[in-house]
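Engineer: Can you look at this prediction? I've put the sequence above it.
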Amino acid sequence: MRVIVSIATLAALTLLICSQSLAATTKVVDISYKHPESFSDASLNANGYERGADDYVMNSLSSYMERLGARYLKPGQQLQIEVDDIDLAGRYEPWRPNASQVRFMRDITWPIINPHYVLKQDGRVLSQDDARVMDQLYLQRPGRAGSNDRLYAEKAMLDDWFRTKFAHPQ
């Protein structure tokens, strides 16, 4: 009797692991960046006032959008996002003494991301559009002061966009 229970348990665990690994290989959100070297302001390096993007910003935003897709998209939906431009919140002000590494956050330096997206359900296109995602009130967001995430404003803005654009009713 114990052997039968153990075999059944082992079979159930194997099935669970296989289904999870299959789900992990199926990407819900596919993100690409169109000409990141010409992005308005997508670098957290000290020379971030120059055009272009760095790998940290692109990798962080990509993994965050993948998690948002897993949270907000319906089963069977796939989302393709091509980012055309990124302008991070704040600006470097290299002329300030002893502050060349500081990104100054002001009311007029809100984050902007311009994605083109295609939402599909089982291979059929449901919607597609060029979007302009921005958060002009990013400095008033609750929880901002307690966050040490350098991309907090951009991630909060993307969370709002995913929730309003792609969330299915519960």
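Structural biologist: It's in. In this text the structure is predicted, and so the values were computed from the model without any measurement.
Engineer: Every contact and neighbour count from this point should use C-alpha atoms.
Structural biologist: Noted.
Engineer: Report the contact partners of Gly123.
Structural biologist: Gln78 (Cα atoms under 8 Å, 6 or more residues apart in numbering).
Engineer: least trustworthy helix or strand in the chain by mean pLDDT?
Structural biologist: Least confident element among the helices and strands of the chain, by mean pLDDT, DSSP states H and E: helix 2-25 (a mean of 50).
Engineer: any idea which helix or strand comes after that helix?
Structural biologist: Heading C-terminal from helix 2-25, the first helix or strand you meet, by DSSP states H and E, is strand 29-33.
Engineer: From Gln136, how far out is the most centrally placed residue in the chain?
Structural biologist: Residue closest to the average C-alpha location in the chain (Cα atoms, centre = their mean): Met65, at 2.7 Å. Met65 sits 20 Å away from Gln136, going by Cα to Cα, to the nearest Å.
Engineer: quick revisit: can you say which helix or strand has the residue nearest to the centre of the chain in it?
Structural biologist: Going by DSSP H and E, Met65 is part of helix 55-72.
Engineer: Show me which residues of that helix are buried.
Structural biologist: Neighbour counts over helix 55-72 (16 or more other Cα atoms under 10 Å) mark Val57, Met58, Leu61, Ser62, Met65, Glu66, Leu68, Gly69, Ala70, Tyr72 as buried.
Engineer: same for that helix, what does it pack against?
Structural biologist: Here helix 55-72 touches strand 29-33, helix 152-166, going by 3 or more Cα pairs under 8 Å, 6 or more residues apart in numbering; DSSP states H and E.
Engineer: of the ones you listed, which approaches Val118 most closely?
Structural biologist: In terms of Cα to Cα, the element of the helices and strands packed on helix 55-72 nearest to Val118 is strand 29-33, at 9.9 Å.
Engineer: Average pLDDT for that closest one, rounded please.
Structural biologist: The pLDDT scores in strand 29-33 average 97.
Engineer: what residue ranges in this structure score low on pLDDT?
Structural biologist: 1-26, 46-51, 100, 144-146, 169-170 (pLDDT under 70).
Engineer: residues contacting the nearest residue to Ile112 once chain neighbours are set aside?
Structural biologist: Take Ile112 and drop its neighbours on the chain: the residue closest to it by Cα to Cα, 6 or more residues apart in numbering is Met134, 4.4 Å away. Applying Cα under 8 Å, 6+ apart to Met134 gives the contacts Trp110, Pro111, Ile112, Ile113, Met157.
Engineer: number of nearby residues for the third one?
Structural biologist: Just to be clear, that refers to Ile112. Neighbour count for Ile112, taken as other Cα atoms under 10 Å: 22.
Engineer: Okay, and the beta partners of it?
Structural biologist: Asp87, Met134 (DSSP bridges).
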